[in-house]
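A.B. asks: only the shape, not the letters, is given here:
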C-alpha cells in the first residue's frame, strides 16, 4: 500500500554528498549525509559501494563525528577524509581501505577545508584556515594572531568582508599545506591576505595549481596560480577572469583545466584551459558549454579530452570535450539532473536528482545506451512506499518581451495518473541565472503537495541559465518585466489544457522570492504566495548582501557602475503595497546573501498597507540555504509552513469554475506590468 509523501520524510532521506573513484579500487567511495533527529543535526558517514552491487554499501566510519570529503589514495589502499570527531573543527584523518588503522594526521588550529593525495601516496595536500589579526588590514606579521572573543570588534577594510554561512571573513585566511602521512608534519605553501578556493597537484608531484582571490580593497575576483611543491615560484596565470574555480592538471602536467567566468557576477560557468608554461588561457566550447559542477572535471587518460557535467536546457549530461577543437560527445544524458560525478576510463559513477527518484548511486559505461545504466546503492528503500510522482518536461509558447513569441521549457509535477484540473503551485527558481533544481531535500514540499492532489510548475523562464547566453542575459535590467508574463502565459496554457484551474499559488526563494513578491504587486492572479529569502529592495541589497556590490550592477544592466534609478524601478518594495495576495515570508536570520532586512521591509510595508493576510518567520542561526541545508527542525518547519499556507489560502478561492464555456481561463485581470525592451 502506497502512502503519501510527508514532511517527516526529510528525516529518512540519505544523500550522497561527495563521491570519489580511482582505477586501483573496484568501488565508489562516498560520504552519505543523513538526519539525526534527536540531536537536530546532520551526520555524515563514509561508505563504499561495489560497482557490481546494490545495497547500503560497506560502512567505514562509526558516526562519532561528521565524516566528509573521502578520497582514495592513488593505490586504493588507504582513505583520507575530514572529520569533526572529537567535537572540534574538521581535521584530517586516514584509515586503510578496510576501515581499520584510523588515525588523525597532523593538527590544525582551525578547520581543514579540502584535501588531495600526493601522487606517491606518502603525503597529502590540504587547505586549512589560519587565524590572522584583522587590525593589521592584510599586512604580514610573524606574531601569532591574538585570541578573539565572540564580542571582539570586526574591523572592515576590504570587500568582501562577510560570506553567507561563514560570517565575518577578515579574522582568518585559507592557505595550502603539505602534510606528511607518517609524521604529520605540515608545511604552509601560500602566504598572504587571500584565500585559496580550489587546488590540484600535478601528476609528477612537482607543482600545484590553485585558485585564489586577490589582495587589496576588492578581493572578490579569483585568479589561477601555480607554485612548486616546495612553496616557491608562485606565478599568476589568469588575468582576465572574475571567477576561477577548481583547477585540474592534464596527465602530462602541461595544461590546467578550470571552470570560471569573465564578468563579475556572471553565474554561467564556462570551461577554460591554461598552458602551464606560457600562461596562455583559452576557452573551450564557450558558446555550447555551461559547467554544472566545477568539481566534475576529469581528464581522459590520453589527455585529449575533459569529461564533466554539462548544464543544458535545465538538465545535466556527462560530456567529453575535445581539447583540440572543443567538440562535444555526450556520454550520459536524460530528462534529469545529476549530482556528484566520478569518472574512470571504463566507467561513470554519479547520483541522480529527479522528483520521481530518491538520491542513489548509478553507474554506466561511457557512451553506452540507457540499458547499460545500473543503480548500485539502496540508501532510500522507503521511497518505493510513497505515492509515485511524475515530472514531465513541457514546452510553452510565451511572449519574448519584444513583441514576439518564444518557446520556453519547464517541469510539471503531479501524482502519477492524476487527472486535472488540479490546484497549482508555481514555484519560481533562484538565480536568476540558474534553473529549476530537482533535488528532494530543498523541494520536499513539491512531493507532499503532489501527494495531496496538487500540481507543481517549475518553469525555466527568460533569464535562466543553461539555455544560452542571450536567453540568460536578456533579463538583465528587466527583472520581473520579462519573466513574469512568461509565467502567467504558461499558467494560461495549463488551464486551457484542463491540467489546472483557478486555484493557483506562487512561491520562490532568493531570486524566486524576488519574482514571487514582484508578481503579487503586479497581478491578482495568485491566491497565496510564499516569499523566501528574497531580494526585496535592490538598492539596499547592493550594500548589504555579501555579493550584491559586484553582482547587482550586472543584473540591473549597468555594470560596472550601479544604477540606483533602475534598481528602484525593479524593486518589489515599490509595488508590494498594491498586493492583495496572502503572503508568507520565510527568512534565515543570519542570511548574508539576501539579508533579513529584505524580508522585513516587504513584510512591514505589506502589513501596514491594508488588511492583506501576511506573516513572517525568521529562523535564528540560519543563512541563505535554510530550506535545503538548514538544521533538520528548520527544514521541516519551513516545508510544513509552505504546504499549510498555500492549502489554507488557495482552498478559500476555489469556488469559481476554472474555465468558461468557451474554454477560456476565468481569472482576475493582471494589473499592468512595466514594458520590457
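C.D. replies: Arrived safely. Remember, it's a predicted structure, so these values are computed and weren't measured experimentally.

A.B. asks: my read is that residue 633 contacts residue 41, right?
C.D. replies: No - counting by Cβ atoms under 8 Å, residue 633 stays clear of residue 41, with 9.6 Å between them. To be clear about C-beta, it is placed using only N, CA and C from the backbone, and glycine gets the same treatment.

A.B. asks: how far off centre is the helix or strand hosting residue 444?
C.D. replies: Per DSSP states H and E, residue 444 falls inside helix 440-451. Mean-position distance between helix 440-451 and its chain equals 18 Å (Cα atoms, centre = their mean, to the nearest Å).

A.B. asks: show the average pLDDT along the helix or strand just after it.
C.D. replies: Moving toward the C-terminus from helix 440-451, the next helix or strand (DSSP H and E) is strand 455-460. For strand 455-460, the mean pLDDT works out to 98.

A.B. asks: sheet partners, orientation included, of strand 455-460?
C.D. replies: strand 405-415 (antiparallel), strand 422-428 (parallel) (DSSP bridges).

A.B. asks: can I get these in JSON lines including mean neighbour count?
C.D. replies: Formatted as JSON lines, the strands paired with strand 455-460 follow (neighbours: other Cβ atoms under 10 Å):
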{"stretch": "strand 405-415", "mean neighbour count": "20"}
{"stretch": "strand 422-428", "mean neighbour count": "27"}
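
A.B. asks: how about the nearest residue to residue 605, chain neighbours excluded?
C.D. replies: residue 576 (5.2 Å; Cβ to Cβ, 6 or more residues apart in numbering).

A.B. asks: quick check: the one you found touching residue 608?
C.D. replies: No - counting by Cβ under 8 Å, residue 576 stays clear of residue 608, with 10.3 Å between them.

A.B. asks: neighbour-wise, which of the two wins?
C.D. replies: residue 576 (26 against 9; other Cβ atoms under 10 Å).

A.B. asks: backbone dihedrals for the more buried one, please?
C.D. replies: phi -60, psi -30 (degrees, to the nearest 10).

A.B. asks: need the contact list for it.
C.D. replies: 517, 520, 521, 536, 602, 605, 606, 609 (Cβ atoms under 8 Å, 6 or more residues apart in numbering).

A.B. asks: 10 Å - rerun?
C.D. replies: With contacts defined as Cβ atoms under 10 Å, 6 or more residues apart in numbering, residue 576 is in contact with 517-518, 520-521, 531, 536-537, 583, 601-606, 609, 612, 614.

A.B. asks: next one: residue 504
C.D. replies: By Cβ under 10 Å, 6+ apart, the contact set of residue 504 is 423-426, 455, 457, 488, 491, 494-495, 525-528, 646, 650, 653, 658, 665, 667.

A.B. asks: how far away is it from residue 614?
C.D. replies: From residue 504 across to residue 614, the span is 19 Å (Cβ to Cβ, to the nearest Å).

A.B. asks: for residue 40, same thing?
C.D. replies: Distance of residue 40 to residue 614, computed by Cβ to Cβ: 28 Å.

A.B. asks: of those two, which one has the most company?
C.D. replies: Neighbour comparison, residue 40 and residue 614: the larger count goes to residue 614, with 23 against 12 (by other Cβ under 10 Å).

A.B. asks: now do the contacts for the closest residue to residue 89 other than its chain neighbours.
C.D. replies: Among residues not flanking residue 89 along the chain, residue 111 sits closest, at 4.1 Å (Cβ to Cβ, 6+ apart). By Cβ under 10 Å, 6+ apart, the contact set of residue 111 is 82, 84, 88, 89, 90, 91, 127, 128, 129, 172, 174.

A.B. asks: where do the helices sit along the stretch 151-300 of the chain?
C.D. replies: Counting by DSSP state H, counting those that start in this stretch, the stretch 151-300 of the chain has no helices at all.

A.B. asks: export the contacts of residue 111 to a markdown table and append columns for distance to residue 511 and secondary structure.
C.D. replies: Formatted as a markdown table, the contacts of residue 111 follow (distance: Cβ to Cβ, whole Å; DSSP: H, G, I helix; E, B strand; the rest coil):
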| residue | distance to residue 511 | secondary structure |
| --- | --- | --- |
| 82 | 32 | strand |
| 84 | 33 | coil |
| 88 | 37 | coil |
| 89 | 33 | coil |
| 90 | 31 | coil |
| 91 | 37 | strand |
| 127 | 30 | strand |
| 128 | 34 | strand |
| 129 | 30 | strand |
| 172 | 30 | strand |
| 174 | 28 | strand |
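
A.B. asks: hmm, which of the residues you listed are the buried ones?
C.D. replies: 82, 84, 90, 91, 127, 128, 129, 172, 174 (16 or more other Cβ atoms under 10 Å).

A.B. asks: and for residue 38, the neighbour number?
C.D. replies: Neighbours of residue 38 (other Cβ under 10 Å): 6.

A.B. asks: which SSE is residue 553 in?
C.D. replies: helix 548-555.

A.B. asks: which helices and strands sit right next to that helix?
C.D. replies: helix 538-544, helix 564-569 (3 or more Cβ pairs under 10 Å, 6 or more residues apart in numbering; DSSP states H and E).

A.B. asks: ranking the ones you listed by burial, who's on top?
C.D. replies: Highest mean neighbour count of the helices and strands packed on helix 548-555: helix 538-544, a mean of 20 (counted as mean count of other Cβ atoms under 10 Å).

A.B. asks: check which helices and strands it sits against.
C.D. replies: helix 548-555, helix 564-569, helix 596-609.

A.B. asks: got the contact list for residue 490?
C.D. replies: With contacts defined as Cβ under 10 Å, 6+ apart, the neighbours of residue 490 are 394-398, 408-410, 412, 426, 457, 459, 461.

A.B. asks: got it, and residue 240?
C.D. replies: Counting by Cβ under 10 Å, 6+ apart, residue 240 has contacts 223, 260, 262, 281.

A.B. asks: now do it against residue 265, distance only.
C.D. replies: Distance from residue 240 to residue 265, by Cβ to Cβ: 15 Å.

A.B. asks: before we move on, what about residue 586?
C.D. replies: For residue 586 relative to residue 265 (Cβ to Cβ), the value is 25 Å.

A.B. asks: compare those two (neighbour count), which wins?
C.D. replies: residue 586 (28 against 20).
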